[in-house]
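Q: no sequence for this one, just the structure:
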């Protein structure tokens, strides 16, 4: 798979292209991706995902700070495993913002030798999102491409969407979010030095230095899986301010079961599997320690998730 950030120079290949923002690459997105790959193979062409490296809202309304389900590194990794031939990550800028819907499609066809387009049922494009699937169908004859519109994927009688997953994470409903994703929701970052209070009570934690661009699950204690150097371990992750020890800022701290390595300054990935309980201010450190022992016993009984 090749990743490019501009137009292609080799015009010998024709492409079926999947269009969308694909934040989270949830199950609805993957139904679209799989159809794109299938149609490309049937027509002896290649498959492509075209998306923007930054969310259009960051240009249209810079005052809004976007929170993502997935960064571009994660996105590319999944698309590679799914078998997409080419991923185009274009930077959304003022020029793209001002393109008319037809202007966007014309540019897409000229830059990438498009044979077919695959989109979701609610796909919008072009200036002020004025373009829709009806216009795509009208333009297909003019620009000589085939169009495939994918029906919505439902979970519990409602459409699977990035917005729905974001809301589930914000509400601490991690199990619901994961049912719509293709892998457990995760945060990655460097392990930094914290207050080291957990160490003094037998529960040393890895403090994750996380970025502000991804959604942080709601405050609480979670059963997690932790990837470190391609190994997966069980973990208990606290998202909160540690009220029992008078914490002042939001932290993401993970106690890794049966783990004794020094991982300061190493990168880890924390996969959120299930919420165990809400955050609570305990009457004493001893009460906190007793609860952590119960959390550990709970985590020991859980299975490791299958993470592709």
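A: Happy to help now that I have it. Quick caveat: nothing in here was measured; it's all calculated off a predicted structure.
Q: ok, and what's touching stretch 130-138?
A: Stretch 130-138 has contacts (C-beta atoms under 8 Å, 6 or more residues apart in numbering) with 100-102, 104-105, 117, 119, 121, 123-125, 147, 149. Glycine gets a C-beta too; all of them are placed from N, C-alpha and C.
Q: Of these, just the buried ones, PyMOL syntax please.
A: A single PyMOL command selects the buried members of those (16 or more other C-beta atoms under 10 Å):
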select buried, resi 101+102+104+105+117+119+123+125+149
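Q: which ones among the contacts of stretch 130-138 are found in helices?
A: The helices, defined by DSSP state H, take in 101-102, 104-105 from the contacts of stretch 130-138.
Q: Tabulate those (a markdown table), appending pLDDT.
A: Converted to a markdown table, these look like this (pLDDT from 0 to 100):
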| residue | pLDDT |
| --- | --- |
| 101 | 97 |
| 102 | 98 |
| 104 | 97 |
| 105 | 98 |
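Q: hey, where'd the helices end up in the protein?
A: So, for the chain - with DSSP H - the helices run 27-42, 57-60, 72-82, 94-97, 101-112, 133-143, 162-170, 174-180, 197-200, 285-300.
Q: so which of those helices gets nearest residue 273?
A: Proximity to residue 273 (C-beta to C-beta) singles out helix 174-180 among the helices of the chain, at 7.2 Å.
Q: Nearest residue to residue 228 in space, please, no chain neighbours.
A: residue 268 (5.0 Å; C-beta to C-beta, 6 or more residues apart in numbering).
Q: what's the neighbour count on the one you found?
A: Using other C-beta atoms under 10 Å, residue 268 is surrounded by 21 other residues.
Q: again, but for residue 52
A: By other C-beta under 10 Å, neighbour count at residue 52 equals 19.
Q: any weak-confidence spans in the protein?
A: Within the chain, the ranges that satisfy pLDDT under 70 run 196-198, 200, 244-248, 308.
Q: Save the helices of the chain as JSON lines, and put in distance to residue 209 too.
A: Listed next are the helices of the chain as JSON lines, based on distance: least, C-beta to C-beta, whole Å:
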{"stretch": "helix 27-42", "distance to residue 209": "29"}
{"stretch": "helix 57-60", "distance to residue 209": "23"}
{"stretch": "helix 72-82", "distance to residue 209": "16"}
{"stretch": "helix 94-97", "distance to residue 209": "33"}
{"stretch": "helix 101-112", "distance to residue 209": "38"}
{"stretch": "helix 133-143", "distance to residue 209": "42"}
{"stretch": "helix 162-170", "distance to residue 209": "20"}
{"stretch": "helix 174-180", "distance to residue 209": "21"}
{"stretch": "helix 197-200", "distance to residue 209": "16"}
{"stretch": "helix 285-300", "distance to residue 209": "22"}
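Q: Of those helices, which is nearest residue 229?
A: Of all the helices of the chain, helix 72-82 comes closest under C-beta to C-beta, at 16.5 Å.
Q: and that closest one, which residues are buried?
A: 74-76, 78-79, 82.
Q: Stretch 27-41 too?
A: Neighbour-count burial for stretch 27-41, counted by 16+ other C-beta under 10 Å, picks out 28-37, 39-40.
Q: before we move on, what about stretch 164-175?
A: Neighbour counts over stretch 164-175 (16+ other C-beta under 10 Å) mark 164-166, 168-169, 172-174 as buried.
Q: Contact partners for residue 212?
A: If you count contacts by C-beta under 8 Å, 6+ apart, residue 212 has them with residue 65.
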